[in-house]
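K.L.:
sequence first, predicted model second:
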There are 2 protein chains.
Amino acid sequence: MEFSKIEDEKCPEKEDSGLAIQDDQLTMKEMQLLAFGGYGNFKMVQTERPKVASGQVLVKVVACGINFADVSARQGLYNGPTGAPSCPAVLGMEGSGVIIQVGEGVQELTVGNRVMFITMFGAWRECVALPANHCFKISDTMTFQDAAAIPVNYLTAYLMLFEFGNLRKGKSVLIHMAAGGVGWAAAQLCQTVPDVTVFGTASAHKHDIIKKNGVHHPIDYHTKDYVQEVKQISPSGVDIVLDPLAGADTKKGYSLLRPLGKIIVFGGANIIRGEMRSMKALVSTWWNTPNFKPFDMMVQNKAVCGFHLGYLEKEVDLLHNAVHDIMKMYQEGQVKPHVDSVWEMSKVGAAMQHIQERKNVGKVILTWDDTTAKR
Amino acid sequence: MEFSKIEDEKCPEKEDSGLAIQDDQLTMKEMQLLAFGGYGNFKMVQTERPKVASGQVLVKVVACGINFADVSARQGLYNGPTGAPSCPAVLGMEGSGVIIQVGEGVQELTVGNRVMFITMFGAWRECVALPANHCFKISDTMTFQDAAAIPVNYLTAYLMLFEFGNLRKGKSVLIHMAAGGVGWAAAQLCQTVPDVTVFGTASAHKHDIIKKNGVHHPIDYHTKDYVQEVKQISPSGVDIVLDPLAGADTKKGYSLLRPLGKIIVFGGANIIRGEMRSMKALVSTWWNTPNFKPFDMMVQNKAVCGFHLGYLEKEVDLLHNAVHDIMKMYQEGQVKPHVDSVWEMSKVGAAMQHIQERKNVGKVILTWDDTTAKR
């Protein structure tokens, strides 16, 4: 069933379109993480709708994304700009929906606008109050599911490849977890530049689909040493490594860089090895992540970049320019999120297990609209 | 006196133009460093002309550049791809002249071509044998002095700003030693991109001239804390720091980076504090140069790049494409080396002291043509 059909029939925001909330006491549901730990630690809670401060808007949420940051936060491992979220916490860093209330001083958005948004957690609510500049209008033809799949993954991939990576014609890129959300976005963005060669790691059964998404050389990291595989095809290595893993993989990625190549470290997925936090994985990942010495880097002509979208909240121009470019590419059909599965918000634990066990291809979406959820 | 006039009158290469050397036993002079140490350790020596191997050309040298790499090598501190040069050594990493012999298999160059070249030392000779792909033809209107001033400084600045730095519209750059060879080139290259803000450190008496060369905010590092000065003008810092200093300045430069900013470390000038090698300066520079941890860099959204032109010899396409761009900009008048002074090769010690004591503005040139030397 196509989401867009549902939208036409009984999309919940249509009822609210054009209406400002009169009663601040209205309630809503939110998905709370009660304590750091396993998949079962979530609980749906009825609470008050947030008040809208000056410069903010209130979004009635239709769909949300799950990211590795949420997995990491659930285990108590996430350390964001405002520290680790403390429980009970509402996770979720992105979503889409319709603006139902506009705070003082907001010019560029009005009630009824369809938007996607980013937020430093707090997205898994029926209604989210946000700074207006963290919302981005979406076109009438974009589904809410696509919209919820874009902000974190596409901004991360875009800023890494085009700001840090300086991706240009003829370059080569190694994408880890190429079937994941960021990996999917990165492979597509690489295809918007002429003659870019893409290596991607993923389980063997995902190779066909990631090939169709622009990965020229899929590598099964379970059965092959990806360093050897890349070197066999390109003895001099690659120009860019996107590294969401950290630990020993950062050392390997760095070793694969061509002269003037860049490794961009943007996560520590190696820290996460099961449902519960693993101190062993944490310590071994930290221990194995190399430190870099400028004098060594100099004679190697290599670069190391650290990337974290969560700490770019205040870079409004940067984010808006990037979203503008991404939306243009979306309209032109150059990029298109792949929605792996859509889950009812009440099934967030199972959805998270699905992503954590690497069962997904592309984006895992949560929705408040039970009729559009497929699980 | 204009160098171009000399060329017309009695430019030495004109006599050789079109003539291949028949006699491999012909002698030439070269400037040898007899032992690591002070300015007086150089000696002019008569020796055989080098033989030209397959794929090589023989260049009759007119002008050569001095770089910090030569200063560092004189003190026994340089460690290049083939190890440290061992004495007696011929220093010099760039030059210009005329091709007087062409080895087997060389297609793109012929006897009589005016060229500039890069080499991993060995340039301070009357005749230099080089791989043909380390030579770049120069236009008829380019002087040999300009040509000798381009390869190391402009390639370094170009590759740092445009490959690593991803310099684009609206960005900001901090250039240390903005009156030096690389600094001069970098400030000019920044001006080829719209709306780039340039901060540059230099002694106060050089501020007027570097301002004319494109440095918007000159800072006297002798009397001011450049970190405070930059922050006063741009509280959020800068997008790119070009760091030829290392040591504590690398830490300061890193602290000045805006989100998604990059520091490019390309030298250790802080190691050099006088005529003789200073173990104290060496140790303190190494000690103070920070190591970088990817997990810290991530939450800071910053990048560290190491650059060393000497290790890019084999990147023929990269170098040729960059030279092509630089030559185009030179022809269009967008970039122009500033020749600080021209010294007879026999005065190399004094010329080196001049650059080492930071008395130069722009490039210090050595020449084999006594009549064009100004010192």
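P.N.:
Happy to help now that I have it.
K.L.:
residues contacting the particular helix or strand that has residue A:305 in it, please?
P.N.:
Applying DSSP states H and E as the criterion places residue A:305 in strand A:302-306. Residues outside strand A:302-306 that contact it (CB atoms under 8 Å, 6 or more residues apart in numbering or on different chains) are A:160, A:164-165, A:254, A:257, A:259-266, A:292, A:297, B:164, B:262, B:292, B:294-306. Every C-beta, even on glycine, is put in place using the N, C-alpha and C of the backbone.
K.L.:
so how far is that strand from its chain's centroid?
P.N.:
Strand A:302-306 has its C-alpha centroid displaced from the chain centroid by 21 Å (CA atoms, centre = their mean, to the nearest Å).
K.L.:
residue A:329: neighbouring residues, count only.
P.N.:
Per other CB atoms under 10 Å in any protein chain shown, the neighbour tally for residue A:329 reads 17.
K.L.:
contacts for the helix or strand that the strand holding residue A:305 is followed by next, please.
P.N.:
Tracing the chain past strand A:302-306, the next element assigned as helix or strand by DSSP H and E is helix A:316-331. Applying CB under 8 Å, 6+ apart, the contact partners of helix A:316-331 are A:118, A:133, A:136, A:138-139, A:142, A:146, A:150-151, A:154-155, A:158-159, A:162-163, A:189, A:192, A:312, A:335-336, B:259-260.
K.L.:
after helix A:316-331, which helix or strand is next?
P.N.:
Next helix or strand after helix A:316-331 toward the C-terminus (DSSP H and E): strand A:339-344.
K.L.:
avg pLDDT for that next one?
P.N.:
Mean pLDDT, strand A:339-344: 95.
K.L.:
elements contacting that strand?
P.N.:
helix A:144-149, helix A:348-356, strand A:363-367 (3 or more CB pairs under 8 Å, 6 or more residues apart in numbering or on different chains; DSSP states H and E).
K.L.:
keeping just the C-alphas, turn stretch A:113-121 into PDB.
P.N.:
Only the C-alpha atoms of stretch A:113-121 are listed here, as PDB (Å, rounded to 0.1, in the frame of the first residue of the first chain):
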ATOM      1  CA  ASN A 113       3.100  23.600   6.100                       C
ATOM      2  CA  ARG A 114       4.300  20.100   5.500                       C
ATOM      3  CA  VAL A 115       7.900  19.900   6.900                       C
ATOM      4  CA  MET A 116      10.700  17.600   7.900                       C
ATOM      5  CA  PHE A 117      12.800  18.400  10.900                       C
ATOM      6  CA  ILE A 118      16.000  17.600  12.900                       C
ATOM      7  CA  THR A 119      16.200  17.800  16.700                       C
ATOM      8  CA  MET A 120      18.700  16.700  19.300                       C
ATOM      9  CA  PHE A 121      16.400  13.900  20.400                       C
END
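K.L.:
next one: it to chain centre, how far?
P.N.:
On CA atoms, centre = their mean, the centre of stretch A:113-121 falls 13 Å from that of its chain.
K.L.:
what residues does the stretch 201-350 of chain A have near chain B?
P.N.:
A:246, A:250, A:259-260, A:262, A:265-268, A:286, A:289-308, A:311-312, A:315, A:318 (CB under 8 Å from any CB of the partner chain).
K.L.:
filter the contacts of helix A:316-331 down to the ones in strands?
P.N.:
Among the contacts of helix A:316-331, the ones falling in strands (DSSP state E) are A:118, A:136, B:259, B:260.
K.L.:
the first one and residue A:155 touch, don't they?
P.N.:
Yes - contact criterion CB atoms under 8 Å: residue A:118 and residue A:155 qualify, at 7.2 Å.
K.L.:
which SSE is the residue of chain A most remote from its centre in?
P.N.:
The outermost residue of chain A, judged against the average C-alpha position, is residue A:299 (34.8 Å), by CA atoms, centre = their mean. Per DSSP H and E, residue A:299 falls inside helix A:294-300.
K.L.:
what number of residues lie near the nearest residue to residue A:257 once chain neighbours are set aside?
P.N.:
Residue nearest to residue A:257 in three dimensions, not counting chain neighbours: residue A:302, with 4.8 Å by CB to CB, 6 or more residues apart in numbering or on different chains. By the criterion of other CB under 10 Å, residue A:302 has 24 neighbours.
K.L.:
which neighbours do residue A:118 and residue A:155 have in common?
P.N.:
Between them, residue A:118 and residue A:155 share these contacting residues under CB under 8 Å, 6+ apart: A:309, A:319.
K.L.:
any idea where the strands of the stretch 1-150 of chain A begin and end?
P.N.:
Ranges of strands in the stretch 1-150 of chain A, per DSSP state E, counting those that start in this stretch, are A:27-33, A:42-48, A:56-65, A:94-102, A:114-118, A:127-131, A:135-137.
K.L.:
with distance to chain B, mean pLDDT and mean neighbour count added, can I get those strands in JSON lines?
P.N.:
Formatted as JSON lines, these follow (distance: least, CB to the nearest CB, whole Å; pLDDT from 0 to 100; neighbours: other CB atoms under 10 Å in any protein chain shown):
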{"stretch": "strand A:27-33", "distance to chain B": "22", "mean pLDDT": "95", "mean neighbour count": "19"}
{"stretch": "strand A:42-48", "distance to chain B": "26", "mean pLDDT": "95", "mean neighbour count": "14"}
{"stretch": "strand A:56-65", "distance to chain B": "20", "mean pLDDT": "97", "mean neighbour count": "27"}
{"stretch": "strand A:94-102", "distance to chain B": "18", "mean pLDDT": "97", "mean neighbour count": "26"}
{"stretch": "strand A:114-118", "distance to chain B": "15", "mean pLDDT": "97", "mean neighbour count": "24"}
{"stretch": "strand A:127-131", "distance to chain B": "17", "mean pLDDT": "97", "mean neighbour count": "22"}
{"stretch": "strand A:135-137", "distance to chain B": "19", "mean pLDDT": "97", "mean neighbour count": "22"}
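K.L.:
let me have those strands in JSON lines, extended by distance to residue B:127.
P.N.:
Shown next, in JSON lines, are the strands of the stretch 1-150 of chain A (distance: least, CB to CB, whole Å):
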{"stretch": "strand A:27-33", "distance to residue B:127": "74"}
{"stretch": "strand A:42-48", "distance to residue B:127": "77"}
{"stretch": "strand A:56-65", "distance to residue B:127": "66"}
{"stretch": "strand A:94-102", "distance to residue B:127": "65"}
{"stretch": "strand A:114-118", "distance to residue B:127": "63"}
{"stretch": "strand A:127-131", "distance to residue B:127": "68"}
{"stretch": "strand A:135-137", "distance to residue B:127": "64"}
